[in-house]
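*Asks:* dropping a prediction and its sequence here:
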Amino acid sequence: MSPETVQLRDRSRPSWSTPAQHRLLQARIWPTNGPTPAPVVVLSHGTGGAGEDLDWLAKPLNDAGFLVASVDHPGNSYNDEYLVEGFSFAWERARDISLLLDYLVAEHDIDVDRIGAAGFSFGGYTVAALLGGRIDVDIMGAMFRGLIPAPEVPEFPDLIKALRSKYSDAELTSLAESGARSMSDTRVRVGILLAPAIGRLLLPRSLQQISVPVLVRWGDDDSNTPPEDNAHLYRDLIPHAHGESLGSDVGHYVFLGDREDATGVRPHVAAETVEFFTSHLSVRHTD
């Protein structure tokens, strides 16, 4: 089944590029081809990417009976304009997914007790945020003020310089404090993190408090989100996480559907993903 494209309007948040207007998100919906109410998997793309980057995951999940949906995160997608806010204000991504879930509840016959989420890179963090992972306000604030180095972002060089040219220190402090609040969405029951990012920017205790099953996968040859600062942290701190390297020669971008995958990483991960979500979302919860 092919995906449908819809536009979602978030009336609670302004557009970064046009503050007088509401935040608009483009979503891709793969309607279920199985029984309803349908189990759901929502997907979050990597920084600077788009929903279609994860079609290689969406299609096998959809074939297995899941309704699958993704959004292009505004200001952080090649289907949109690149904006410094989209690359800096990480917490807004979880709110995008919650808006997507609101839409699915209203417009599709879904089982709200059987919802999972998967994300790549920045999207891996997004899934962790939906499950309760929180930004460390002191670290984020220091990074915004240029006191500690920020992770390199190939898609947006000089990110912090651009941010500081647009916002005052007082504004950035306030934004960091706002972003440090919980962005969790209890409708999401399980999660998959693929080469997850910004692990060092999160409160360790917030990851320790995540109580649901989480699958973490990465490649050891990942220089964009080095596993020791990212995937390993998520694996070690989340109590019910299962983490595994996909190989010493596997890099970051193998998780993008248009990249070379000589060793078959994506089919392997897709099969694991279907099995994981089918296992954990196969029956309705009663709690």
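*Replies:* Good, I have the coordinates.
*Asks:* when you work out contacts or count neighbours from here on, use the C-alpha atoms and nothing else.
*Replies:* Noted.
*Asks:* which helix or strand contains the residue nearest in space to the middle of the chain?
*Replies:* Centrality entry for the chain: nearest residue to the mean C-alpha point is residue 123, 2.3 Å, by Cα atoms, centre = their mean. Remark: residue 123 resides in helix 122-130, with elements defined by DSSP states H and E.
*Asks:* what's the following helix or strand after that helix?
*Replies:* Per DSSP H and E, the first helix or strand lying C-terminal to helix 122-130 is helix 137-144.
*Asks:* can you name every helix or strand that that following helix contacts?
*Replies:* Judged by 3 or more Cα pairs under 8 Å, 6 or more residues apart in numbering; DSSP states H and E, helix 137-144 is in contact with helix 159-166, helix 169-179.
*Asks:* can you convert those into TSV and add a column each for mean pLDDT and distance to residue 239?
*Replies:* Formatted as TSV, the helices and strands packed on helix 137-144 follow (pLDDT from 0 to 100; distance: least, Cα to Cα, whole Å):
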stretch	mean pLDDT	distance to residue 239
helix 159-166	95	33
helix 169-179	95	24
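*Asks:* on that earlier part again, dump the residue contacts of the residue nearest to the centre of the chain.
*Replies:* Counting by Cα atoms under 8 Å, 6 or more residues apart in numbering, residue 123 touches 43-47, 193, 196-197.
*Asks:* out of those, who's nearest residue 220?
*Replies:* Nearest to residue 220 among the contacts of residue 123: residue 196, at 12.6 Å, using Cα to Cα.
*Asks:* quick one: the closest one and residue 232 touch, right?
*Replies:* No - counting by Cα atoms under 8 Å, residue 196 does not reach residue 232; the two are 9.4 Å apart.
*Asks:* what about the two, which has more around it?
*Replies:* Set residue 196 next to residue 232 and count neighbours by other Cα atoms under 10 Å: residue 196 wins out with 32 against 20.
*Asks:* that one and residue 190, how far apart?
*Replies:* To residue 190, residue 196 is 15 Å away according to Cα to Cα, to the nearest Å.
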